[in-house]
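**Q** Got a sequence here, can you model it:
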Amino acid sequence: MAAVPRMAKAGNRLCAGARGPGGADAVEKAALEIPELRTQANVASVIQALQDLKGVKTAVIDLNTHLAVVEYDPRVTELDHFLAACKEAGFDASEYRVENRFPKPIKLKGG
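**A** Predicted structure coming up:
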């Protein structure tokens, strides 16, 4: 397995909307689906693994939906690093895409 770059998590800075595009604080978000998460201890271990990656600004996981959102610097890290970090923490993960969860159009009542 490829080595995953790690470093201590830096403090939070301005929200993504306050940063200039492509500037020194360029930030992107990735959504991950981690279906095997069952407990808060699982969540804590995955969050720690993600936040230890160099370039990750924040990582948040919703245990109810099994979804994680990672805010990161794309010049430093990428999706494959997040997937590897989850795997190292003991959980398979994949990139979350709405079209994978809802492949057919949703029909709304009354419309």
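
**Q** Going by C-alpha atoms from here, please, whenever you check contacts or count neighbours.
**A** Noted.

**Q** Helices of this structure, residue ranges please.
**A** 40-51, 79-88, 98-101 (DSSP state H).

**Q** pretty sure Glu95 is in contact with Pro35, am I right?
**A** No: using CA atoms under 8 Å, Glu95 is not in contact with Pro35, being 11.5 Å away.

**Q** so which of the helices of the chain comes closest to Lys57?
**A** Distance to Lys57, taken as CA to CA, is lowest for helix 40-51 among the helices of the chain, at 7.1 Å.

**Q** what does the closest one rub up against?
**A** 8-9, 37, 56-61, 63, 70, 82, 85-86, 88-89, 91 (CA atoms under 8 Å, 6 or more residues apart in numbering).

**Q** what about 6 Å?
**A** For helix 40-51, contacts defined as CA atoms under 6 Å, 6 or more residues apart in numbering pick out 9, 59, 85-86, 89.

**Q** Please tell me which one of those residues counts the most neighbours.
**A** Ala85 (26 neighbours; other CA atoms under 10 Å).

**Q** Would you enumerate the residues in contact with that residue?
**A** Ala85 touches Ala49, counting by CA under 6 Å, 6+ apart.

**Q** what do you get for the one 10 residues further on?
**A** Glu95 is in contact with 31-32, counting by CA under 6 Å, 6+ apart.
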